[in-house]
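Student: here's my sequence, what's the structure:
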Amino acid sequence: MMIKKGIAMVLALLFTFGIATSASAASQTFTIPRLDYFLQHGMNSGDSSSFVYTNTTGVTSTAIFRITNVNPTDNGTDQVKNKLQGTYSMRYANGTSVSLGTISGSTLSGGLYNYLAPGASLVVDLKPASGVSQVSFKITFSKQ
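Tutor: Residues are numbered from 1 along each chain as shown. Sure, this is the predicted structure:
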């Protein structure tokens, strides 16, 4: 009898927390571990996500991001064009940031060419565009 009550309580808690978390907007930060790396991601209206690549090489480097359709082998943008908005910036090791550009419409890439200092980060902040309820995409960080 105690086991049944315990299981019922656990299930009730799971359902309660499941409903509470799915009803609220999410804000997430993803650390990109290296260049030549991609991440598939989806967001709902009200969500926001940050993608951060930090230059750990010890030398100034190039870091570029590209946002494309969610399929790993699809480099097109027809499914994501006009569905995302955001900004990208360089954040120095001391915490100060420099805005580099905006992401919207068909502008879905950017970065730093031979300018990302050691310890600095390329930060991409994204959210669904106004009126978009759900969007899935692939973001790739590379050297070129």
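
Student: let me see the mean pLDDT of the helix or strand I103 falls within.
Tutor: Assessed by DSSP states H and E, I103 sits inside strand 97-103. Per-residue pLDDT values over strand 97-103 give a mean of 97.

Student: alpha carbons of it, as PDB, please.
Tutor: Extracted in PDB, the C-alpha atoms of strand 97-103 (Å, rounded to 0.1, in the frame of the first residue of the first chain):
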ATOM      1  CA  SER A  97      31.000  42.900 -25.500                       C
ATOM      2  CA  VAL A  98      31.000  44.400 -29.000                       C
ATOM      3  CA  SER A  99      27.900  44.000 -31.100                       C
ATOM      4  CA  LEU A 100      28.800  42.700 -34.600                       C
ATOM      5  CA  GLY A 101      25.400  42.400 -36.300                       C
ATOM      6  CA  THR A 102      21.800  41.300 -36.500                       C
ATOM      7  CA  ILE A 103      20.100  38.100 -37.600                       C
END
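
Student: show me what that strand is packed against.
Tutor: strand 84-91, strand 109-116, strand 121-128 (3 or more CB pairs under 8 Å, 6 or more residues apart in numbering; DSSP states H and E). Glycine gets a C-beta too; all of them are placed from N, C-alpha and C.

Student: lovely, talk soon.
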